[in-house]
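**Q** Please work out how this folds:
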Amino acid sequence: MPKNKKWLALLVFAVAALVMSACAPATPEQVVVTVEVPGEEQVIVVTATPAPEAAPGAKEYDPEGVYRVGVFEDVTTLNYWAANGPDNTVWNSYMLPPRLALYGLSDRTFQFVPGIAAAMPEPLVQEGDFWVATIPLRQDVFWSDGTPVTAKDFAFTANTALKFGLIAGNWGAWYDGSFLDRVEAVDDYTVKIYYHTKPGLARHEYGTLQAPILAAHFWEPLVAEAAAPIDALGPEPSEEELTAAQTEAQDNLFAIDPTGEPLAGTFLFKVWEPGAFLEDPANPNFADKGVTVIQYANGAYQELWPDGTEKFSFYGEATGDIAAQFEVGPHVASAVFTIYGSQDAALLALQAGEIDFVLNPLGLQRGLLEQVQGNPNITVIENSVNGFRYMAFNCRRAPMSDVNFRQAVAILIDKEFVTGTVLQGIAFPLYTFVPAGNAFWYFDDVPKLGQGLTREERINQAVALLEGAGYKWENDQKPVWDAGNRQVVPGGRLIMPDGKPVPELQLWAPSAGYDPLRSTFAIWIETWLREFGIPVTANLAGFNVLVPRIFSEQDFDMYILGWSLGLFPDYLRDFFHSEQAVLDGNNAAGYINPEFDALADQLLTCDTLDSCKEIANQVQLMLATEVPYVLLFDTGIVEAYNSANIEFPYTQTLSGLQFGGHSAKNYVRVYKK
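**A** Okay, the predicted model is just below:
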């Protein structure tokens, strides 16, 4: 599903065949993991990272210590509905306290395991016109105000998302009204999920079953007030009337001040000083605090209660060699996120001992590594990444609406030159919509426009492509390659097939202070397109300036951003489906293709890994041909932390310790000073 938008870590998860290979050296031990979804098993191999052994004279842990984290963008809202809708940014996911769900994925191995559900789900069964799932809940989970977490909370959250028609950000995949009809609380600790259309893995196991749960007793009166425009509708409103009412109600919902909201996850919320810091105190009554997680070399997964009795075990016999073992926290008194003006400033604070870890979806820029590599108190780790940075076209506007134009631009962009020559190998070019790190879903057999071409070949191919589609150049002055001077002789302005010149275009991208790699790409793209006769200007802006312009206002010609991705590739649909081509939707590019919609919709109904894989391959092939995005590059995720002050139980995992925003915070320990 969409994940975190706009470096954006969403994350609707998938467990399908993950190879957790890291860029940094990993232990040679391999773990065989049996991945299960109802009715299916698959064996995969992941790299094991044993829990660190305590060294003689190891430091003593401080349960009252503070985990100090540096970030370089602020949150945009405290409202969880908004933070996973129009404000679905990675920084909101990093800093806002986590919510509970029926199920989740295990750390490191990404195995499907119960959250507040009391058992693994049974396969969906048909009851009349509906497909249903009945889930028993645990009875030992409480909100921070002492109120029990019950089936009513889950039913309320799901039914609210459906009533308000929430599709922006993550909500459309969590509670998808195209499948989900309603959720009922059978009793206090039993929920019954009704689907009017049978969902596949993406919308059941990795959608509704892993969707967040909010406190009904707090939100109900607030939501009731926000829903007034919907409630005021007649008995049979038109689609236009319903859409207008839901839009107004959503604005009401997203504007609610959540002060005093009860939470039930590992951390709570204390204070936010905009532009300065945000503090999440530990939840002393977190239901799973002290639970021991054991991951075995044979792939078995086990959790033990603090008294040593078994909570549950899955995926084989919990015996033999242990690949990793760690205790669920929180093990600190609070987590404090300090906001710095740039990555450089945050890294300086890390070196000075002011913070313990730098959260950075871009990864530590390699140019900054020299500043920390000689510091004995700082440890640098590197992992494979599950994401990409890309350039998107506004397909609502000409000439971006023309696939020939988009393909020509893709050909002109020399990713290898920028990543290899300009950036000196600190990034690698991308051509596939599923990164290689997500090995099961990776599909390499797609068109790689421009790969391996010289500048002359790029110019000639792009000219031929556009001439064949009816484009011309002013005064018939086509761009040509000057072999003697080894440079392009710029052409006249490109004329579209309707006889109009290509208008002045704006390319929006992050500033160098936020991401020098994307700003570098933007400048080179401006150069290459201008010499070809396409008048483009690169506008570099702050991250929190770009996000609303692109997703809420959709006022752009082209833009460069990035996505942090979930493991199940339903995002291949959600980023490009016409359903999401609305304000605040994930398809900000406005790409609309009925053939694509029909194919991509199958990603939501396929119910085996192999059938989903075949569909995902076809979708990737179409996207690489249609080019609503030009995939640009990515880097391995490089992270640095103050190992003299804190300790993590493991460091090798796909997309790093910050994946999902909460894993590191749940397990980190602080040493006593």
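
**Q** Can you give me the domain boundaries for this protein?
**A** 30-72+264-384+637-670, 99-254, 387-565+628-634 (automatic domain parsing).

**Q** Let me have those in a markdown table, extended by distance to Met622 and mean pLDDT.
**A** Backbone N, C-alpha and C define where each C-beta goes, glycine included. Formatted as a markdown table, those follow (distance: least, C-beta to C-beta, whole Å; pLDDT from 0 to 100):
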| stretch | distance to Met622 | mean pLDDT |
| --- | --- | --- |
| domain 30-72+264-384+637-670 | 26 | 82 |
| domain 99-254 | 18 | 96 |
| domain 387-565+628-634 | 9 | 95 |
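
**Q** how about those, which one is nearest Val90?
**A** domain 30-72+264-384+637-670 (4.7 Å; C-beta to C-beta).

**Q** Reformat the domains of the chain as JSON lines; add distance to Leu572.
**A** As requested, those are exported to JSON lines (distance: least, C-beta to C-beta, whole Å):
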{"stretch": "domain 30-72+264-384+637-670", "distance to Leu572": "18"}
{"stretch": "domain 99-254", "distance to Leu572": "10"}
{"stretch": "domain 387-565+628-634", "distance to Leu572": "6"}
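
**Q** Tell me which stretches of the stretch 551-673 of the chain form helices.
**A** Residue ranges of the helices in the stretch 551-673 of the chain, as given by DSSP state H, counting those that start in this stretch, are 571-574, 594-600, 609-626, 663-667.

**Q** could I get those helices as TSV with distance to Arg182 and mean neighbour count?
**A** As requested, the helices of the stretch 551-673 of the chain are arranged in TSV below (distance: least, C-beta to C-beta, whole Å; neighbours: other C-beta atoms under 10 Å):
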stretch	distance to Arg182	mean neighbour count
helix 571-574	22	26
helix 594-600	25	15
helix 609-626	26	19
helix 663-667	32	24
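
**Q** so can I have CSV of the ones you listed showing distance to Val582?
**A** Shown next, in CSV, are the helices of the stretch 551-673 of the chain (distance: least, C-beta to C-beta, whole Å):
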stretch, distance to Val582
helix 571-574, 12
helix 594-600, 14
helix 609-626, 20
helix 663-667, 32
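
**Q** tally of neighbours for Asp188?
**A** Each residue near Asp188 was counted by other C-beta atoms under 10 Å, and the total is 12.

**Q** who touches it in this structure?
**A** Counting by C-beta atoms under 8 Å, 6 or more residues apart in numbering, Asp188 makes contact with 139, 148, 150-152.

**Q** Show the buried residues in these.
**A** 148, 150-152 (16 or more other C-beta atoms under 10 Å).

**Q** Mind checking which of these are in helices?
**A** Among those, the members found in helices (DSSP state H) are 151-152.

**Q** Show me which of the buried ones among the contacts of Asp188 is closest to Thr419.
**A** When the buried ones among the contacts of Asp188 are ranked by distance to Thr419 (C-beta to C-beta), Ala151 comes first, at 50.7 Å.

**Q** check contacts around the nearest residue to that closest one once chain neighbours are set aside.
**A** Spatially, and ignoring its direct neighbours in sequence, Ala151 is nearest to Ala185 (3.7 Å; C-beta to C-beta, 6 or more residues apart in numbering). Listed by C-beta under 8 Å, 6+ apart, the contact set of Ala185 reads 150-152, 154-155, 191-192.

**Q** Quick check: of the residues you listed, which lies closest to Tyr390?
**A** Distances from Tyr390 to the contacts of Ala185, taken as C-beta to C-beta, are shortest for Phe154 (35.0 Å).

**Q** Quick check: that closest one vs Asn84, distance?
**A** 16 Å (C-beta to C-beta, to the nearest Å).

**Q** What lies in contact with stretch 124-142?
**A** 38, 100, 102, 116-119, 121-122, 148-151, 154, 181, 186, 188-199, 204, 209, 264, 285, 287.

**Q** Which ones among those lie within strands?
**A** Counting by DSSP state E, the contacts of stretch 124-142 place 181, 186, 190-195 in strands.

**Q** Would you convert the contacts of Ala185 into JSON lines that also reports distance to Thr76?
**A** Output for the contacts of Ala185, formatted as JSON lines (distance: C-beta to C-beta, whole Å):
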{"residue": "Thr150", "distance to Thr76": "31"}
{"residue": "Ala151", "distance to Thr76": "32"}
{"residue": "Lys152", "distance to Thr76": "30"}
{"residue": "Phe154", "distance to Thr76": "27"}
{"residue": "Ala155", "distance to Thr76": "29"}
{"residue": "Val191", "distance to Thr76": "31"}
{"residue": "Lys192", "distance to Thr76": "35"}
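
**Q** ok, the residue nearest to Ala151 to Ile135 distance?
**A** Following C-beta to C-beta, the distance that separates Ala185 from Ile135 is 11 Å.

**Q** Which among the domains of the chain is found nearest to Gly590?
**A** domain 387-565+628-634 (4.2 Å).

**Q** before we move on, back to that, return the member of the contacts of Asp188 nearest to Asn460.
**A** For the contacts of Asp188, the nearest to Asn460 is Ala151 (64.5 Å; C-beta to C-beta).

**Q** Stretch 645-657: end-to-end distance?
**A** 16 Å (C-alpha to C-alpha, to the nearest Å).

**Q** same thing with stretch 209-222?
**A** Terminal-residue distance, stretch 209-222 (C-alpha to C-alpha): 25 Å.

**Q** For Asp610, which of the domains of the chain is the nearest?
**A** Comparison of the domains of the chain against Asp610 by C-beta to C-beta identifies domain 30-72+264-384+637-670 as nearest, at 8.7 Å.

**Q** Out of the contacts of stretch 124-142, which end up buried?
**A** 100, 102, 116-117, 121, 148-151, 154, 181, 189, 191-195, 199, 204, 209, 264, 287.

**Q** ok, now which ones touch the residue lying closest to Val191 once chain neighbours are set aside?
**A** Excluding the flanking residues, the one nearest Val191 by C-beta to C-beta, 6+ apart is Ala151, at 4.4 Å. Ala151 sits next to 137, 185-191 when contact means C-beta under 8 Å, 6+ apart.

**Q** repeat that for 6 Å
**A** Going by C-beta atoms under 6 Å, 6 or more residues apart in numbering, Ala151 touches 137, 185, 190-191.

**Q** before we move on, what about Val418?
**A** Applying C-beta under 6 Å, 6+ apart, we find Val418 in contact with 521, 524.

**Q** Tell me the gap between stretch 144-160 and the middle of its chain.
**A** From the chain centre to the centre of stretch 144-160 is a distance of 25 Å (C-alpha atoms, centre = their mean, to the nearest Å).

**Q** measure that stretch end to end?
**A** End-to-end span of stretch 144-160 (C-alpha to C-alpha): 22 Å.

**Q** Show me the contact partners of stretch 442-449.
**A** 407, 410-411, 431-432, 434, 436, 617, 620-621, 624-625.

**Q** Show me what counts as buried in it.
**A** 442-443, 446, 448-449.

**Q** So what does Gln351 look like in phi/psi?
**A** Taking degrees, to the nearest 10, you get phi -60, psi -30 for the backbone angles of Gln351.
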